[in-house]
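Undergrad: sequence and predicted structure, then a few things I'm wondering about:
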Amino acid sequence: MPAGDVVRIAHVSDFHALASTPETRLRAAFDAVAEERPDLVFLTGDFLSYTRRPLRHFPRLFRGIGAPTFAVLGNHDHWVDPQGVRSVLEGMGQTVLQNEATSVMVRNTRIWIVGVDDATSRRENVELAFAGVPRGEPTLVLAHTPSTFDRLPPEHETICFSGHTHGGHIYLGRFTEKIGRAMGMRYIRGHYQRPNHQLYVNRGIGSGGPLPGFAPSPRSPSSTSPPTRPDARRGSLTAFGMTACFFEILARARACRRRESRVPVRRLCGVQERQTTDATRWRSHLKRVPKEGVEPPT
């Protein structure tokens, strides 16, 4: 690419559409994207939360982007309906990449875009995703889970775009960073760098539980962040991340009770991963989960 030429990329992540994220916030995010007139748009997963119902509203929610759009799926998408999400996004003209790569011409330069599938749900395959990607050409990577950054091939030079962490839900500086590292999350928010690779972690516009998390949203020079509430920019302590585990279980139990989809209940606060729609069994089990955790009923 000619020296001084800039590629404008809008990066939006973790939508949790119509669950914790109302339509007004989603539309505000994409209106902001359209105003920036980016060359490329990257969507890094978690379009759904615990039900597939919002899928029928996607054409209205995601309209008006107006630029080549590339997406990867997140752990919530895989838990609910990965094929449904991919089908709807592709029907809207977006390119969904699951351990695969494609190339696009931007200002007379070929740019490779690699989509690595979600690591949290164990769909990640970095080697397969980079198969056929030539060395020495501009390469951008989409990966919902930031930990994928550690497994990018050293022979390539890349910029990776991720989400998943919600900026720590609430951001208390080094305290949040220490908790994240203790939980195995080295990359919480913003920009990171290591030899040959750079990473930008988007804090997302939604939340996996009923209450949103609030953290300052650092802006990357290579991305367009969605608008945030004023108290979010100041990092106000308006929600407690410690309740996230409880709300994950509560939301899953409600989805099972409505029988809207086969919702996987993963190991979370002592609950073993399992596919079920039997609401009665899960409600009775969740009431008696001890602190040390037990296996779910069989």
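TA: Everything's here; your move.

Undergrad: any idea whether the residue lying closest to Gly66 once chain neighbours are set aside is helix, strand or coil?
TA: Once its chain neighbours are removed from consideration, Gly66 has its nearest residue in Ala34; the separation is 5.8 Å (Cβ to Cβ, 6 or more residues apart in numbering). Using the backbone N, CA and C atoms, a C-beta is placed for each residue, glycine as well. The three-state label given to Ala34 by DSSP: H, G, I helix; E, B strand; the rest coil is helix.

Undergrad: any low-confidence regions in the stretch 151-298 of the chain?
TA: For the stretch 151-298 of the chain, residues meeting the criterion pLDDT under 70 lie at 168-185, 208-298.

Undergrad: circling back: looks like the residue nearest to Gly66 contacts Gly64 (just checking).
TA: Yes - under the criterion of Cβ atoms under 8 Å, Ala34 lies in contact with Gly64, with a separation of 5.3 Å.

Undergrad: which one of those two is surrounded by more residues?
TA: Legend: neighbour count by other Cβ atoms under 10 Å for Ala34 and Gly64, higher for Ala34 (16 against 10).

Undergrad: gap between the more buried one and Val41?
TA: Going from Ala34 to Val41 by Cβ to Cβ, to the nearest Å gives 10 Å.

Undergrad: can you list residues touching both of the two?
TA: Counting by Cβ atoms under 8 Å, 6 or more residues apart in numbering, the common neighbours of Ala34 and Val41 are Ile65.

Undergrad: each with direction, which strands does the one helix or strand Phe161 maps to pair with?
TA: In this structure, Phe161 is located in strand 158-162 according to DSSP states H and E. Taking DSSP bridges as the criterion, strand 158-162 forms sheet pairs with strand 139-143 (parallel), strand 197-201 (parallel).

Undergrad: what residues does the first one touch?
TA: Outside strand 139-143, the residues within contact range by Cβ under 8 Å, 6+ apart are 9, 40, 42, 44, 70-72, 97, 111-116, 118-119, 124, 133, 148-149, 152, 156-162.

Undergrad: out of these, which end up buried?
TA: Neighbour-count burial within these applies to 9, 40, 42, 44, 70-72, 97, 111-116, 118-119, 124, 133, 148-149, 152, 156, 158-162; the criterion is 16 or more other Cβ atoms under 10 Å.

Undergrad: sitting in strands, which of the residues you listed do you find?
TA: Filtering these for membership in strands, criterion DSSP state E, returns 9, 40, 42, 44, 70-72, 111-116, 158-162.

Undergrad: so where's the stretch 1-150 of the chain uncertain?
TA: 1-4.

Undergrad: one more pass at 80, please.
TA: Judged by pLDDT under 80, the stretch 1-150 of the chain has its weakly predicted residues at 1-5, 20.

Undergrad: what segments of it are helices?
TA: Listed from the start of the chain, the stretch 1-150 of the chain has helices (DSSP state H, counting those that start in this stretch) covering 23-36, 58-61, 75-80, 82-91, 126-129.

Undergrad: check contacts around the residue nearest to Asn125 when sequence neighbours are not counted.
TA: Nearest-residue entry for Asn125: Asn99, 4.3 Å, with adjacent residues in sequence omitted and distances by Cβ to Cβ, 6+ apart. The contact partners of Asn99, by Cβ under 8 Å, 6+ apart, come to 115-117, 123-126, 128-129.

Undergrad: next one: Gly132
TA: Contacts were defined as Cβ under 8 Å, 6+ apart; by that measure Gly132 touches Ala101.

Undergrad: rewinding a little: mean neighbour count and distance to Leu26 added to the strands paired with strand 158-162, as JSON lines?
TA: Supplementary listing: the strands paired with strand 158-162 in JSON lines, determined by neighbours: other Cβ atoms under 10 Å; distance: least, Cβ to Cβ, whole Å:
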{"stretch": "strand 139-143", "mean neighbour count": "26", "distance to Leu26": "19"}
{"stretch": "strand 197-201", "mean neighbour count": "23", "distance to Leu26": "20"}
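
Undergrad: for Ser103, which of those is the nearest?
TA: Evaluated with Cβ to Cβ, these place strand 139-143 nearest to Ser103, the distance being 9.4 Å.

Undergrad: still on that earlier bit, buried deepest among the helices of the stretch 1-150 of the chain, which one?
TA: Between those, the one whose residues have the most neighbours on average, counting mean count of other Cβ atoms under 10 Å, is helix 75-80 (a mean of 24).

Undergrad: any idea how far Gly84 is from the residue nearest to Asn125?
TA: Applying Cβ to Cβ to Asn99 and Gly84 gives a distance of 19 Å.

Undergrad: the closest residue to Ala101 other than its chain neighbours bridge partners, please.
TA: In this structure, Ala101 finds its nearest non-sequential neighbour in Val114, 4.4 Å apart by Cβ to Cβ, 6+ apart. Taking DSSP bridges as the rule, Val114 bridges to Ala101, Val141.
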